[in-house]
Structures are given as structure tokens and as C-alpha cells.
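A.B. asks: Quick one: sequence and predicted model below, then my questions.
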Amino acid sequence: MEKDRGNIKKPWDTCRETPIIKDEQTPWKIIKLLKIASLAIVAVFVFGLALCSKTTFLLLITLSHKGTKVLPDNMKPVALLCIGCALIISSVFLLLKSFWKSCYKTSKLPRKSTVALVLFFEFLVATGVAILTIVAMPHLDIVTNVAILNGVAVLSALLQVIAQCSAKERNRFLLPSIFAFILILLGYALFLYLYITKNPTDVKMIIWVGLAVGASFLVSLNWWESYLRLISKNSNSVFLNNFCKDLTKCQNVVRILTSLLRIAVTACVLGAYVHLDNMDWKIVTLIPSRETKIIAIIIGVQLISSALCHWFSLVACKMHALRRCFIMPLYLASLAVMVLFVVPVIVYYQNYRTSLNGTSINFIGYCSQVVDGRNQSLNDNVFRELVLDVTHTLCFLDMSKMADIGLLTGSAVSWWLGLLLATLHLWYLNVDRIQRTQDLFTRRLVYETLMVYLCATMWHETYSEMMNIIISIFRLDKYRPKTEDEKNTDFKFETHIYFDDAFTDDKDSRGRHLNKYALNLVEIFTEVYGIFTNINNEFFNKKQQIPEQNIIRTPYGGRLEVAMPHGNIITVHFKDKDLIRHKKRWSQVMYLYYLLGWKLMTKYYARYQKGEDGPEFRAEVEKEKQNTYILALDGDTDFQPAALMLLIDRLKMYPSVGAACGRIHPTGSGPAVWFQKFEYAISHWLQKTAEHVIGCVLCSPGCFSLFRAKALMDDNVMKKYSSKSMEASHYIQYDQGEDRWLCTLLLKQGWRVEYNAAADAFTNAPENFNELYNQRRRWGPSTMANVMDLLGATSTVSKKNRSISKLFMFYQLFAIASAILAPATICLMVAGSFTFIFNMNASASLVLAIIPPVIYLILCFYLKSETQITIAGVLSVLYAFLMLVVTLSIIGSMVKEKTILTPSGMFVIAISAIYIITAIMHPQEIQLIFYGVLYILCIQAPTSFSPSTPWST
């Protein structure tokens with residue numbers, strides 16, 4: 001849409017044409033209903049899976065109890081082995097995950113003191129877990145076994161008290177933590193009194209009870225790292241602070257060591273206990289099929305339910321449904337397990353008493369006659385046998401006496417209430433927008449006011465394109481009004497627009513004046529300001545005026561400052577190409593040095609000249625550099641404030657992240673845009689996501705990326721980015737892909753670049769293939785030049801950047817090799833179709849397929865760029881039909897051979913399956929899959945027929 005500047009609106013004209021302002025989209029009612037349904041489903045799954053996991057694990061412990069019948073006493077090593085497997089399976093997965101991360105990300109070796117302290121605590125925890133579950137719990141009753149799992153929070157409650165007492169500010173959860181510690185200790189006291197006074201002469205039982213209590217205390221050290229971090233945060237201990245930093249940096253290596261230690265300790269405890277209890281491992285291979293089936297079902301359900309419960313718990317935390325879908329279901333599951341075990345025992349006992357027709361029998365008699373007097377056979381109902389085995393664990397106590405029932409109930413209730421109070425603070429936990437689940441309960445974000453500079457570069461954008469970005473900026477102004485109270489705002493922002501080649505000569509007057517594109521921008525300010533302030537609501541329109549605006553003459557041209565309705569400032573820098581370098585990279589250099597070099601550092605330099613220089617002064621400088629961000633934008637970018645907040649969160653949470661980018665959506669109409677919509681989709685769905693997970697994103701697009709000032713001001717980044725292009729390779733790398741080169745410089749300095757798929761931004765895409773060719777002519781060579789630059793420095797980069805490993809660089813080498821071979825692959829596919837359709841010789845088909853690209857390659861050395869693009873367009877249409885023929889020939893080949901197991905057929909089916917499955921996993925963008933047909937037909941256009949351009953300087 002272009003404005004007709006000659007058509008002046010009359011005062012009496014009340015008809016208006018206003019752009020559509022898209023605010024934050026309100027979810028559809030169906031989406032809200034789906035959200036509620038999802039929360040309910042997740043809560044039910046967490047509860048049900050936690051119930052299954054606990055129940056099956058306690059059944060395994062019951063089966064290992066001496067005297068139970070489902071597994072005879074000589075087969076107890078089988079149940080103990082299953083318990084050991086249940087204990088180590090999480091460590092095995094953690095070991096594999098950490099090893100995988102170590103392969104794709106650089107991992108530093110921790111200090112010896114760090115390793116020693118970590119292994120010391122982990123050894124205690126692993127020993128406690130193994131002794132409690134393998135040695136002690138098989139000798140206790142089922143009620144105690146269910147309840148004692150709630151008592152492992154004893155030291156956790158004590159560490160909470162210590163951490164809260166050492167905190168600098170008052171904590172409202174101090175008293176609940178104290179009461180939690182007292183209640184858990186009371187539960188242990190009642191438990192000890194019940195078992196020791198029951199038979200004081202039973203030395204073995206006293207040993208088992210003592211081991212259970214001691215092991216429970218060791219298990220409660222499982223959260224030592226969380227509380228050690230809290231204590232170190234509130235103390236001035238240099239050792240603790242260095243320990244926590246080293247632990248964070250060397251996380252992968254430490255997890256590998258701790259996983260191996262836990263596996264080894266569990267295996268040693270299991271082997272030693274089986275040997276000391278005179279059990280024989282040989283029975284494991286001789287167990288009958290009926291018992292094998294029962295034990296396999298129980299351990300299978302246990303492992304699967306535990307893994308799924310963990311996954312659904314993570315989902316609940318990511319959905320910010322911590323209370324509804326995570327805490328409450330787990331509380332209820334701990335109660336439901338008790339009900340699930342105790343109720344069948346009571347029901348079977350009462351039914352047996354009823355069947356005696358008035359003959360009285362107490363619980364001890366029931367145990368001797370029914371529970372222990374039954375045949376060791378599984379011909380009866382397996383459920384009944386399991387219930388009687390559970391009952392057998394209670395036979396040591398006299399459930400007919402109220403004293404025993406009271407002590408048992410008192411210890412169980414004390415432990416459960418202690419757990420409830422020890423975790424009370426979780427109900428008041430504020431979850432940040434993208435808080436990592438591993439930091440959810442320990443690490444909180446430091447809320448400091450950030451400074452964000454929105455920096456957009458413009459040139460000859462159309463009226464509608466400039467309208468998009470100005471509306472986005474005014475929308476952000478409405479979302480985050482300017483305020484002097486920094487304590488109640490998370491960030492402040494300023495907007496700077498750098499307008500290249502903004503001046504033109506005017507024949508009717510002296511000097512240079514703003515050209516039509518710059519004047520359009522000024523008019524857009526007036527129009528958008530009127531929309532956001534509703535100053536144009538009068539019945540008869542008056543000429544709109546922006547209340548606060550300043551026009552300043554500058555050495556590079558001119559500057560316009562506009563105050564938006566809510567107080568934030570937009571500054572437009574109109575650049576005259578006769579006075580200063582033009583083009584996008586030099587505009588970026590200009591705002592980097594102006595905002596970070598002059599505006600940020602000048603105030604500190606003035607203080608430095610006055611004599612200020614010390615640790616506190618330098619820390620203040622570093623803090624401001626850390627908390628200052630630059631949002632790089634193009635002149636046609638459209639974004640919502642929520643997208644910016646998501647990028648801010650990435651940089652705020654992770655100090656090592658130097659840049660973050662979002663999901664870019666191309667806008668426009670026509671086949672060229674359809675092609676790009678699918679191309680952008682799969683590049684974000686697959687490539688960027690893969691880079692983010694296994695290594696690091698290599699390119700943060702300049703149309704919507706957030707950069708940290710400290711990263712940009714690092715050595716060999718901003719200074720090198722301002723270098724002139726002196727060689728042909730410099731022109732390719734520096735000027736044709738400036739955003740990718742800036743990211744390359746950041747990666748070389750050890751900074752991480754991240755991708756957030758939820759941060760959506762929209763930008764206009766080329767609407768015809770001529771513009772698309774010109775764009776890819778810049779992108780293709782610059783991408784290859786920057787990747788080759790990184791590959792050449794693999795050894796240095798992998799040492800300096802924790803997110804980049806040699807294995808990840810090998811993946812990039814494979815990707816770049818595939819891109820280089822892409823045109824040859826297309827030629828081979830075309831040659832194959834010639835062979836199938838025309839029944840030609842393979843060699844002749846190959847020669848015929850490569851003739852057009854070779855001719856085009858030769859012509860590129862002699863023809864002008866415009867002519868090259870025209871020929872490329874003709875060849876693209878021709879090859880689109882050939883690609884259609886290729887597709888049909890592959891289908892025909894599969895039909896002819898009556899199998900899909902042909903090389904071409906399997907390739908096509910695999911690629912199609914990947915695209916379709918990925919689209920289904922992105923339901924909001926699933927409609928883009930229909931553009932995949934056009935993408936497949938035209939894929940050779942930007943890869944095989946990109947026109948050449950002169951690279952000399």
C-alpha cells in the first residue's frame with residue numbers, strides 16, 4: 001500500500017482508512033477448554049502413574065519379605081534384583097543423557113575438591129537408598145514401608161531451617177520447617193518404640209529397624225545440592241561459592257561420575273546382602289515360568305509408570321500447573337497407596353471372620369491359620385495371594401491391639417504431616433515464564449530493571465511494511481509504559497531507527513531533503529499516533545499533530561525524536577549517504593557504537609576521570625553491560641510484546657547466552673511466498689531446533705534477534721564487526737550475511753546463541769522469484785563462508801565455547817557437504833527419471849541432465865545479473881516440470897516393482913514422513929504442509945540456479 005501524498009484530505013471528509021491493529025490474540029474458547037482438559041488429564045496421569053509406581057515398588061519389597069508365598073524364600077534374590085534395577089534405571093538414563101550432552105557440548109573437568117565433595121554426598125545418598133530398600137524395608141510391615149517413604153524429608157526439613165536462618169531477609173516458612181522436622185522425628189520415635197518394645201530380645205529386628213532409620217537420614221541428603229546452593233547464596237564462604245560455580249560449569253562430567261557411583265553402590269549393597277543372607281544367585285536362572293511372568297509384569301509396570309510419571313511431572317511444571325497437576329496429585333497418591341494396601345487386607349480379614357459363622361478369631365490366629373498356613377502354590381487367584389503376602393508383613397504386629405494400631409497410625413500420620421509442612425513453600429512458589437524444571441525449586445531469577453534498545457534498519461521499505469514495525473513499537477509502548485519507578489518494572493526501552501539513503505536533491509531549493517520513503521515514515525508516525533491515542537475521534541477531522549517531537553541536524557544527516565503516547569521515545573536517524581557509509585552493516589555498526597560505546601560507557605568514563613576505579617565500580621559497569629540488550633529489527637518486522645519477553649527471559653536466565661532469536665514467519669502472497677513459508681517452517685522445525693538441542697544456533701536472523709551488550713562488547717566482536725571488506729572473501733562474509741557473521745564472532749568468543757520457537761515474528765518475504773534469487777545470492781555464499789570459518793577454527797571454538805563440540809562441528813560439516821552436493825543430487829534424480837520414462841541409457845541420461853546447469857554456469861561468466869536471473873527463472877520452470885516427472889517416475893518404479901523398498905521410494909517416503917510428522921507436532925502451523933508440494937517441485941531453483949554476483953572490492 002503506497003500513500004498518495006497529493007491527495008489532501010478535506011476538513012469535511014469524515015471517511016477514514018485505518019490499518020488493522022492486531023493486539024495479543026485472545027485464545028479461542030475451544031483452546032481454553034482444551035487447556036482445562038489438558039490440565040485435568042495431566043493431573044490424573046501424574047496421580048495414576050505415581051500410584052502405580054509406588055504400588056509396584058512396594059509389591060517388589062513385599063515379595064522379597066521372608067515368609068511370603070508368591071515367591072518362595074529361595075527365590076528372594078529375584079525380587080531383590082528387580083528392586084536394584086528399579087533403583088539404578090534413572091541413573092542409567094542420566095548417564096546416557098549426560099554422555100550425549102558431553103559429546104555435543106564442550107564439558108570442562110571439575111576440580112578435585114568438587115569431585116570429592118560431590119562423590120561423598122552421593123555415596124551417602126546411594127548407600128542410604130540401597131540399604132533402606134534392599135536390606136531394611138523387606139523386614140518391615142507394609143504400613144511402615146508406605147509411610148517411611150514420607151519420612152525421608154527429615155534432613156531436608158533441617159536444611160530448610162538452616163538455610164532460612166542464614167537468609168538475609170525474614171522467611172515466613174521457618175516455623176513450618178521446624179514443625180516438619182519435629183513431626184518427622186516424632187514419627188521415627190513412634191516407629192522405634194513400636195518395633196523395639198514388641199520383642200526386645202529380637203536383635204535382628206532391632207538391627208533392621210536401626211538400618212531403616214539410619215538409611216532414611218542418609219536418603220534425605222538427596223537434596224544436598226539445592227540447600228548447599230541456598231546456603232552459599234546467603235553466606236560469604238568463598239569455598240562454597242566456588243564449589244557451586246564449578247558444579248554448574250562441569251555439570252555433565254559430574255553427573256556421569258555420580259551416575260556411575262550410584263550404580264556401583266547399589267550393585268555392591270545388593271551383592272553383599274544376598275551373600276551375607278546366604279541366598280544363592282543361581283536361582284535367578286531357574287525361576288519357574290509362572291513366577292517369571294508375575295515378577296516381569298510387576299517390574300515392567302514399575303519401570304514404565306515411573307518413567308511416564310517423571311515425564312508428566314515435567315509437563316505439569318512446564319504448563320505452570322505446579323499446584324494442580326504436580327503437588328496435589330503426589331500428596332493424594334501417597335494417601336491412596338496406603339488405602340490400596342490396607343483396605344484389601346481388612347476386607348479379606350473381615351470376610352474370613354464372617355465365614356466362620358460366629359467363631360471368634362483374632363488377627364494372630366488369622367495369620368497362623370490362613371496367611372502362613374496356606375499352600376505355596378499359585379493355582380489360586382494371584383491377587384488374593386498378593387493380598388495375603390501383604391497381610392503377612394503385618395503379622396509381626398498384633399493388629400487386634402489398639403496400642404499397636406495407634407503407634408503404627410501415629411508414626412504414619414506424623415511422617416505424612418511432616419512431608420506436607422516440609423513442602424509447604426511449594427504452594428507459594430512463583431514460576432517464571434520459562435523457568436527450567438531443574439532450577440524450579442532452588443534457583444530464582446534476580447529481578448533487575450533491564451534496558452532494551454530496539455534498533456531497526458530501513459532503506460526503501462514500502463508504506464505498509466513500515467506501518468507494521470511502527471505499530472509493533474507503539475504496541476510495545478502500550479504494553480510497557482515509561483515509568484520512573486524502576487522497582488516495579490522489569491525493563492525499559494528506547495527505539496532507534498536508522499534510515500539509510502534518506503535524502504535526495506531537490507531542484508527547486510538548495511540543499512538535500514528527505515526522500516519520499518523517509519517522508520512516508522514521518523506520515524506513518526502521525527497516523528499511528530492518532531490511532532493509539534484516539535485523537536482522531538472528532539466528528540470533523542483536524543490536522544493531526546504529535547505533541548512531543550524534536551528535529552535535530554546531525555553530522556550524518558538528521559534526527560527526529562518522537563515521544564509515544566505512554567512516554568517512550570522513538571529516535572529516527574536519517575542518514576545521508578554522502579556524509580556517512582550506507583548499507584545495513586554500517587547502520588548496525590553505527591547504533592552499536594552509539595548505544596554501547598558512547599551512550600553506555602561515556603557516563604562511566606566521566607566517573608573514571610574523576611578518580612573512581614575499584615572492584616565495585618568495575619562490577620557496576622559489568623552489571624549494566626550484562627543487563628543491557630539490543631533487539632535487532634528489520635524495517636518490516638511485525639512482532640508482539642510477548643515475543644520480546646520470551647527472548648528477554650532467555651538472556652535473563654542464562655548469563656552465557658549472548659543472543660536469542662525467535663520463529664520467523666514470512667508474509668505475503670504468491671507462489672514464491674508459499675515456497676518460503678514451507679522452507680522457513682522446516683528450517684525452524686528441524687534445523688534450528690536440532691542446532692539448539694545438540695549444540696548451538698549458528699545464525700540469529702537480523703530481523704528479530706535480541707543481543708546482550710556484554711557479548712557484543714567482548715573482544716573480537718564489535719570491533720571486528722566494524723572492519724572494512726578488503727578481500728573478496730570479506731565481501732561475501734562481512735557484507736552479504738552480516739547477521740550470520742555477527743553470530744560467528746559471538747560463537748568464537750564462547751557465547752551461546754539460542755532459539756525460542758514461541759517467540760513469533762513476521763517479516764515480508766520476496767513475492768517473486770527474481771527477488772528470491774537476489775536474496776539467496778547473498779545468503780548462500782555468506783552461509784557457506786561463515787560455516788567454513790567455524791569449521792576451520794573447530795579446535796579453538798570447541799575449547800572456548802561450551803555449547804560447541806567437535807562432534808557438533810562434524811554435524812555441520814555433514815550439513816554443508818550435503819548442501820554442496822544438492823545440485824548434483826537433483827541432476828541424478830532427473831537422470832533417473834529420464835532412464836525410467838524414455839528408457840534411455842544411464843550415461844546418456846546423466847549427460848542430458850547436467851547439460852542445462854553447465855550451460856547456465858558458463859553463461860554466468862559473461863551475462864549481466866538481470867539476464868542471469870531471467871534465464872534462471874526459465875530453467876526453474878523447466879526443472880519444476882522435470883521434478884514432477886521425477887516424482888511420477890519414482891511412484892511408477894514402485895508400482896512396476898510392486899514394492900516400496902526401492903532406494904528412491906524409501907527416500908521419498910522417509911522425507912515425506914519426516915515432514916508430515918513434524919507438521920502434526922506443530923498443529924498451529926500444520927496448514928503449511930500443503931506448500932510442501934510446491935517446495936519439492938521448486939527446490940532446485942535457489943540451490944542450482946542462483947545467479948552470480950561480482951565479489952571483488
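C.D. replies: Received the coordinates, thanks. Numbering: from 1, shown residues only.
A.B. asks: got the buried residues for the strand of greatest length in the chain?
C.D. replies: When the chain is parsed with DSSP state E, its longest strand is strand 752-764. Of all the residues in strand 752-764, those buried under the rule 16 or more other C-beta atoms under 10 Å are 752-756, 759-764. (Each C-beta comes from the backbone N, C-alpha and C, glycine too.)
A.B. asks: Take these and lay them out in TSV including distance to Ser113 and pLDDT.
C.D. replies: Below are the buried residues of strand 752-764 laid out as TSV (distance: C-beta to C-beta, whole Å; pLDDT from 0 to 100):
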residue	distance to Ser113	pLDDT
Arg752	27	94
Val753	33	94
Glu754	32	93
Tyr755	36	94
Asn756	37	92
Ala759	41	91
Asp760	46	91
Ala761	46	93
Phe762	52	93
Thr763	51	92
Asn764	56	90
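A.B. asks: May I ask which two of these are separated the most?
C.D. replies: Arg752 and Asn764 (29.5 Å; C-beta to C-beta).
A.B. asks: Wait, Ser38 touches Met319, no?
C.D. replies: Yes: between Ser38 and Met319 a contact is recorded at 7.2 Å, counting by C-beta atoms under 8 Å.
A.B. asks: For the buried residues of strand 752-764, please prepare TSV with the additional fields distance to Tyr680.
C.D. replies: Output for the buried residues of strand 752-764, formatted as TSV (distance: C-beta to C-beta, whole Å):
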residue	distance to Tyr680
Arg752	23
Val753	18
Glu754	18
Tyr755	13
Asn756	15
Ala759	14
Asp760	12
Ala761	11
Phe762	11
Thr763	10
Asn764	12
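A.B. asks: what is the rounded mean pLDDT of whichever strand or helix holds Leu335?
C.D. replies: Using DSSP states H and E, Leu335 maps to helix 328-355. For helix 328-355, mean pLDDT is 89.
A.B. asks: tell me what the helix or strand that it is followed by is packed against?
C.D. replies: Sequence-wise, the next helix or strand downstream of helix 328-355 (DSSP H and E) is helix 363-366. In terms of contacts (3 or more C-beta pairs under 8 Å, 6 or more residues apart in numbering; DSSP states H and E), helix 363-366 is packed against helix 328-355.
A.B. asks: From the contact counts, what lies against the helix it packs on?
C.D. replies: By 3+ C-beta pairs under 8 Å, 6+ apart, helix 328-355 packs against helix 29-63, helix 142-148, helix 363-366, helix 382-394, helix 402-422.
A.B. asks: What lies in contact with whichever strand or helix holds Leu183?
C.D. replies: Per DSSP H and E, Leu183 falls inside helix 174-198. Helix 174-198 is contacted by residues 140, 144, 147-148, 151, 153-154, 157-158, 160-161, 164-165, 205-206, 209, 212-213, 216, 396-397, 404, 407-408, 410-415, 417-422, 424-425 when judged by C-beta atoms under 8 Å, 6 or more residues apart in numbering.
A.B. asks: likewise stretch 925-942?
C.D. replies: The contact list for stretch 925-942, computed with C-beta under 8 Å, 6+ apart, reads 671, 674-675, 677-679, 681, 769, 772-773, 776, 780, 823, 826, 872, 876, 879-880, 883-884, 887, 915-916, 919-920.
A.B. asks: If any of the contacts of helix 174-198 are buried, put those into a PyMOL selection.
C.D. replies: For the buried members of the contacts of helix 174-198, the matching PyMOL selection, counting by 16+ other C-beta under 10 Å, is:
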select buried, resi 140+144+147+148+151+153+154+157+158+160+161+164+205+209+212+213+216+396+397+404+407+408+410+411+412+413+414+415+417+418+419+420+421+422+424+425
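A.B. asks: Do a quick rundown of the strands in the stretch 401-550 of the chain.
C.D. replies: Here the stretch 401-550 of the chain has its strands, by DSSP state E, counting those that start in this stretch, at 450-458, 491-499, 503-505, 512-514, 549-554.
A.B. asks: Mean neighbour count, these: which tops it?
C.D. replies: When the strands of the stretch 401-550 of the chain are scored by mean count of other C-beta atoms under 10 Å, the highest mean neighbour count falls to strand 450-458 (a mean of 23).
A.B. asks: relative orientation of that one and strand 491-499 in degrees?
C.D. replies: Between strand 450-458 and strand 491-499, the angle comes out at 20 degrees (axes from the mean of the first three to the mean of the last three C-alpha atoms, to 10 degrees).
A.B. asks: contact partners of the host helix or strand of Val908?
C.D. replies: If you go by DSSP H and E, Val908 is part of helix 903-920. Contact with helix 903-920 is made by 681-682, 685-686, 829, 832, 887, 890, 893-894, 899-900, 925-926, 928-929, 932, as judged by C-beta under 8 Å, 6+ apart.
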